[in-house]
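Asker: Any chance you can model this:
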Amino acid sequence: MKHATLRQLKVFDAVARLSSYSRAAEELHLTQPAVSTQVRKLEDHAGLPLFEQLGKKIYLTAAGTELLHHGRAIIAQFEQAQAAMTQFKGVAGGKLNVAVISAGDYFFPRLLVEFARRHKGVTLNLTVRNRDELLADLAENRTDLAVMVRPPLEADTVNEAFAPHPYVIVAARKHPLVSESRIGMARLLREPFIVRETGSDTWQSMADGFGPHMAKLKIAMQIKSTETIKQAVIAGMGISFLSAHTVSRELRARSLAILDVQGFPLMLNWYVVHRRNKRLPPVAQAFKQFLMSDGRQLIDQAVPVPALGKRRPARRKPGVSR
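Answerer: Take a look at the predicted model:
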């Protein structure tokens, strides 16, 4: 094993975590043959097979499971060493590792561009995940900062709100409910809903917004892509519960409309989250401060939404944990 490389260990870790050579290649921005070559070289160094294929799926061998444990410890040590060296570079020479839930990809790149404009020489690494994947990134130390709507109250993290995040009920512009005001829950429950997948921030926020009525929703489809949901709603396949920040463009184009539903919009917040014991490099500290001071204004500029009428507090407001 003395000739194994860090690159080989990282590729091996990705294949083991995703149980797929093709998905690992996509995540690492490599070709599938390149991924296979790196794993094969590592197996040559180990002198043992690390994966076995049963049917169409691949599984770790006993040797692979043991090597994965040690490999992740080695990768973590290198990352800690890199973070320690970054402390001496300051903000300008640092690499910002940040992950955001999918609703944030409608504005977050613009925030990163503005941050990079103010801090020349910063390297940016943005990952877009659903909530469960993002929490796993935090737990496995694969990101320094995470931006989400529902921070993990049970985890040992620091969670700080930096901007409001409204959720609304949307329909196609010609939907009959668009012309109605103060729509009651009983009427809404007769409509088919097209919703995000279970485990997403949007799904959990919808559960908060609908409370005991959640089980009564007529869910026509669950779709992982917000863009696909919007197109389905525009086509008249149903209505949906979505972040107002994700439908700003469609509202301006008048292809979607916000329904006037009693108790909505649901007002939550955007949070920046990191592990409590995480030694944030200067670039991550600077970006966190940037979000706290300018995040709200920049989001409003990037994805403006119309006045949302009377607002009610969220059913569940995660507090700041320090």
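Asker: Need the pLDDT of L153.
Answerer: Looking at L153, its pLDDT stands at 85.
Asker: now the one 3 residues further on
Answerer: The per-residue pLDDT reported for D156 equals 90.
Asker: What of Q77?
Answerer: What the model reports as pLDDT for Q77 is 86.
Asker: Look at it and tell me its secondary structure.
Answerer: When classified by DSSP: H, G, I helix; E, B strand; the rest coil, Q77 comes out as helix.
Asker: so how many other residues sit close to it?
Answerer: When neighbours are counted by other Cβ atoms under 10 Å, Q77 registers 11. (Glycine included, C-beta is placed from N, CA and C.)
Asker: any idea where the strands of the protein begin and end?
Answerer: Remark: strands assigned in the chain by DSSP state E are 51-54, 57-60, 95-101, 123-129, 145-148, 157-172, 192-195, 218-222, 240-243, 256-258, 266-275, 312-313.
Asker: Which neighbouring elements make contact with the third one?
Answerer: Packed against strand 95-101, as judged by 3 or more Cβ pairs under 8 Å, 6 or more residues apart in numbering; DSSP states H and E, are the following elements: helix 108-118, strand 123-129, helix 131-139, strand 145-148, helix 282-302.
Asker: let's go with 10 Å and repeat that
Answerer: Secondary-structure packing of strand 95-101 (3 or more Cβ pairs under 10 Å, 6 or more residues apart in numbering; DSSP states H and E): helix 62-86, helix 108-118, strand 123-129, helix 131-139, strand 145-148, strand 266-275, helix 282-302.
Asker: so can I have TSV of these showing distance to R187?
Answerer: Below are the helices and strands packed on strand 95-101 laid out as TSV (distance: least, Cβ to Cβ, whole Å):
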stretch	distance to R187
helix 62-86	52
helix 108-118	35
strand 123-129	35
helix 131-139	30
strand 145-148	32
strand 266-275	18
helix 282-302	31
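Asker: so which of the strands of the chain comes closest to A139?
Answerer: With Cβ to Cβ as the criterion, A139 lies closest to strand 266-275 of the strands of the chain, at 8.2 Å.
Asker: Convert that closest one to PDB, retaining C-alpha atoms only.
Answerer: Only the C-alpha atoms of strand 266-275 are listed here, as PDB (Å, rounded to 0.1, in the frame of the first residue of the first chain):
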ATOM      1  CA  LEU A 266     -45.200  30.400   5.100                       C
ATOM      2  CA  MET A 267     -42.300  32.600   6.300                       C
ATOM      3  CA  LEU A 268     -39.100  30.700   7.200                       C
ATOM      4  CA  ASN A 269     -35.400  31.800   7.000                       C
ATOM      5  CA  TRP A 270     -32.200  31.000   5.200                       C
ATOM      6  CA  TYR A 271     -29.600  29.800   7.600                       C
ATOM      7  CA  VAL A 272     -25.800  29.400   7.400                       C
ATOM      8  CA  VAL A 273     -24.700  26.400   9.300                       C
ATOM      9  CA  HIS A 274     -21.400  24.800  10.300                       C
ATOM     10  CA  ARG A 275     -20.200  22.300  12.800                       C
END
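Asker: re the thing from before, for the strands of the chain, which one sits closest to Y21?
Answerer: strand 57-60 (7.5 Å).
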